[in-house]
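>>> Dropping the sequence and predicted coords here.
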Amino acid sequence: MIGSSFRAALSLLALPFAASCVDGDYNRARVYKEPPFEAVEALTPGETDLGTALDSLGAPVFVIEIGLGLALAWGWQDTTDWNIEVSAPIGDAQGNLSFTSTDTTTRGLVLFFNEDWKLTSIRRGFLSELLPKKPLPRDVEDDLRD
């Protein structure tokens with residue numbers, strides 16, 4: 001049984017929230033699925049060809065041309081977002097506290113192939129770090145002046 005002094009202390013702590021508003025939400029989303037670990041481990045740089053990689057892992061999310069070769073990327077996301085907002089009158093003013101947590105990084109796997117469509121390397125991590133950066137467009141007028 002809860003003592004009367006504990007109930008009184010709990011009531012005093014809850015008092016500021018009696019005239020306040022507490023709101024929150026929680027969301028979870030999963031996008032795509034990580035390729036099976038065993039299937040990725042079976043791929044061998046220098047030996048595995050493009051067809052074998054596609055047969056083992058399925059369709060990639062991105063295909064990027066790199067010189068005469070290419071990069072195939074698989075990405076997956078397991079995102080959790082939550083938010084808590086508390087508003088309470090404080091004297092003549094309105095107080096507001098808000099906290100949001102979001103994890104939106106996309107994990108991924110990128111396979112690099114040479115011009116003969118042979119696997120050259122396998123990289124894992126965040127897709128934003130693994131994918132080759134697109135070069136900035138050239139200024140045609142500068143090229144014509146040179």
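Alright, I've got the coordinates.
>>> Against which helices or strands is the longest strand seen in the chain packed?
Of all the elements of type strand in the chain, the one with the most residues (DSSP state E) is strand 69-90. With contacts taken as 3 or more CB pairs under 8 Å, 6 or more residues apart in numbering; DSSP states H and E, strand 69-90 sits against helix 4-18, strand 21-31, helix 50-57, strand 62-66, strand 93-102, strand 107-113, helix 127-130. Every residue, glycine included, has its C-beta placed from N, CA and C.
>>> could you redo the last one with a cut-off of 6 Å?
strand 21-31, strand 62-66, strand 93-102, strand 107-113 (3 or more CB pairs under 6 Å, 6 or more residues apart in numbering; DSSP states H and E).
>>> Least reliable of the ones you listed by average pLDDT, please.
Lowest mean pLDDT within these: strand 93-102, a mean of 58.
>>> Residue 50: how many residues sit nearby?
If you count neighbours by other CB atoms under 10 Å, residue 50 ends up with 16.
>>> again, but for residue 60
Residues near residue 60, counting by other CB under 10 Å: 20.
>>> where's it relative to residue 72, distance?
Between residue 60 and residue 72 the computed distance is 4 Å (CB to CB, to the nearest Å).
>>> measure residue 52 to residue 110 for me?
Counting by CB to CB - residue 52 and residue 110 are separated by 17 Å.
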